[in-house]
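K.L.:
prediction below, plus the sequence it came from.
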Amino acid sequence: MATAHSSGAASSHVNALQSKHAGLEARLRDEMARPVPDAAAVQAIKRQKLKIKEEIARC
């Protein structure tokens, strides 16, 4: 039973990470749509997305 619970918790964690990743993707699209995107903001968002993607891969 512990395995099933752990699996559910991991699935929930992955879902939360995927949601965060999607939110960052939306922020990135918004930033890139600006007439003059803030390069520092774009890079920061991309770094956050990459960290989340790596964490999802570890789950």
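P.N.:
Alright, I've got the coordinates.
K.L.:
ranking helices and strands of this protein by mean pLDDT, which lands last?
P.N.:
Among the secondary structure pieces of the chain, namely its helices and strands, helix 2-33 has the lowest mean (mean pLDDT, DSSP states H and E), a mean of 87.
K.L.:
which strands and helices lie in contact with it?
P.N.:
Judged by 3 or more CB pairs under 8 Å, 6 or more residues apart in numbering; DSSP states H and E, the packing partners of helix 2-33 are helix 39-58. In this view, the C-beta of every residue, glycine as well, is placed from N, C-alpha and C.
K.L.:
contacts for the helix it packs on?
P.N.:
Residues from elsewhere that reach helix 39-58 (CB atoms under 8 Å, 6 or more residues apart in numbering): Val14, Leu17, Gln18, Lys20, His21, Leu24, Glu25, Arg27, Leu28, Glu31, Met32.
K.L.:
need those residues in TSV with distance to Lys51 and neighbour count, can you?
P.N.:
Converted to TSV, these look like this (distance: CB to CB, whole Å; neighbours: other CB atoms under 10 Å):
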residue	distance to Lys51	neighbour count
Val14	14	15
Leu17	10	17
Gln18	13	13
Lys20	10	16
His21	10	18
Leu24	10	20
Glu25	14	12
Arg27	14	16
Leu28	14	18
Glu31	18	15
Met32	19	12
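K.L.:
possible to save these as CSV with distance to Lys49?
P.N.:
Output for the contacts of helix 39-58, formatted as CSV (distance: CB to CB, whole Å):
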residue, distance to Lys49
Val14, 15
Leu17, 11
Gln18, 11
Lys20, 9
His21, 6
Leu24, 5
Glu25, 7
Arg27, 9
Leu28, 7
Glu31, 12
Met32, 13
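K.L.:
so for the residue nearest in space to the middle of the chain, what's the nearest residue that isn't a sequence neighbour?
P.N.:
Among the residues of the chain, the one closest to the centroid is His21, at 2.2 Å (CA atoms, centre = their mean). Take His21 and drop its neighbours on the chain: the residue closest to it by CB to CB, 6 or more residues apart in numbering is Ile52, 4.7 Å away.
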